[in-house]
Structure formats: C-alpha cells, structure tokens
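Enquirer: Coordinates for the following, if possible.
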Amino acid sequence: MPSDDRANSDHALWGSQLSAIAQRQDREAFAALFEYFAPRIKAFMQRSGASEASAEELAQETMLVVWRKAASFDPTSTGAAAWIFTIARNLRIDAYRRERRSGAIETSDVEIEFQIDDSPRPDSLLATMQSEERVRFALTKLSGDQMRVIELSFFEERAHAEIAQLLKIPLGTVKSRLRLAMSRLRNLLSELS
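Expert: Take a look at the predicted model:
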C-alpha cells in the first residue's frame, strides 16, 4: 500500500475511533487510541522538556480530554492524530505557563515544539482488532484498585480529587495508582506484541 493510501487509512481509522467514542462512549475504541497515542504523547512531552513523571501525567490528561471531547473532533478539518497532538501541545503550554507563574522554571528551560512521532502506524483493521484484544486482556491483569481508578478516571470522567473522595484515599495515591496502572498496561502490551 503506498504511503499516501496508508496515511488516509490511518486518518480514517483514528477518525472512526473518535466517532465511536463520541457517539457511544466506545471503550474499545478508546483503548485502541490510548494504546497507540499515549506512549507517543509521552515521548512528545519529554522532547518538549517535561520530566518523565510530568510527561506521563500530561499524556494521561491528554487522553482524558480526548475521551471527554471526542464529540468536538471535526474529521473534515484535521486528522485525528493532529487533533490529539494539538490537545497534548496545548496542555503542555498550559502546564508550562502555570510553572512559569509559580517561578519554578525560566523560559529558556523549555522549548515547546509541535512534533508528531513518525513511528509506524497500523495498516489494517485486523491489526486494530488484535490490538483491542490485547488491551482488553491487559486490562484484566490490573489489580482491582488500579482498575477501579482507571474506570473512574477514564470511563466515568471523574477528576482525581473526586476519585480520592469516592475511594477515601489520598490524592497522591490516586495519581500513583493511575501511573502504576498505565505503566503496567504499557508493559503488558509490549509483552503481548
């Protein structure tokens, strides 16, 4: 398949995944988007000067915005990848501004650039279906505590502070469980690849 055809296929695939999330809150579609984009967003954040922990948090925050705002994606204006990376970039800029206002960093410490990872993309629906199966399987391997925090954060769209109140645990524990769950998912998915 020529690269233009593959790019168009990927464009349509990710657009249809966003549409499925917007129309019926399709968790499998979100899992596929998460598996593909979260590591790339984290790498993008690290290239933009974020620490590993900050990059991880921003990647999770980006995917949460994707889940919540999928209905605002306009497939006629831009590709899904560009839309998702624009969200990530904007969140990084907001974080940078907050840090700057608090005096934590200097302007020269961070260079914010819009870069998209050129890693290979899935080239068929079969690959996506296999990917979704791996994500579903990996989710079953999380501890009950980690899965509960994932459900509340991504599927019920609750804020970290609200999750802490619901589960009667400290906010730091919520963030730690999310970070550990995402790390475990990535490890499991790479083992299953």
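Enquirer: what's the helix or strand for the residue most central in space within the chain?
Expert: Nearest to the mean C-alpha position of the chain, by Cα atoms, centre = their mean, lies residue 63 at 3.3 Å. Residue 63 is part of helix 52-69, with elements assigned from DSSP states H and E.
Enquirer: before we move on, back to that, the residue nearest to the centre of the chain reaches residue 153, doesn't it?
Expert: No. Look at residue 63 against residue 153 with Cβ atoms under 8 Å: they stay out of range, at 9.6 Å. The C-beta positions use only the backbone N, C-alpha and C, and glycine is treated the same way.
Enquirer: what's the span of stretch 154-164 from first residue to last?
Expert: End-to-end distance of stretch 154-164 (Cα to Cα, to the nearest Å): 14 Å.
Enquirer: contact partners of that stretch?
Expert: Applying Cβ atoms under 8 Å, 6 or more residues apart in numbering, the external contacts of stretch 154-164 come out as 25, 27, 30, 34, 63-64, 67-68, 149, 152-153, 166, 170-171, 173-175, 178.
Enquirer: Leaving out chain neighbours, which residue sits closest to residue 188?
Expert: residue 138 (4.0 Å; Cβ to Cβ, 6 or more residues apart in numbering).
Enquirer: Can you tell me how far the one you found is from residue 30?
Expert: The gap separating residue 138 from residue 30 is 14 Å, by Cβ to Cβ, to the nearest Å.
Enquirer: that older thread, mind listing what the residue nearest to the centre of the chain touches?
Expert: By Cβ under 8 Å, 6+ apart, the neighbours of residue 63 are 30, 33-34, 37-38, 41, 154.
Enquirer: Domain map for the protein?
Expert: The record, using automatic domain parsing to delimit domains, assigns the chain the ranges 1-114, 141-193.
Enquirer: and the shortest one, what's its mean pLDDT?
Expert: This predicted structure assigns domain 141-193 an average pLDDT of 86.
Enquirer: and that domain, how far out from the chain's middle?
Expert: Here domain 141-193 is found 13 Å from its chain centre; the criterion is Cα atoms, centre = their mean, to the nearest Å.
Enquirer: still on that earlier bit, how far is the helix holding residue 63 from where the chain is centred?
Expert: 5 Å.
Enquirer: For the next helix or strand after it, which helices and strands make contact with it?
Expert: Counting by DSSP H and E, the next helix or strand C-terminal to helix 52-69 is helix 80-101. Counting contacts by 3 or more Cβ pairs under 8 Å, 6 or more residues apart in numbering; DSSP states H and E, helix 80-101 packs against helix 3-24, helix 27-47, helix 52-69.
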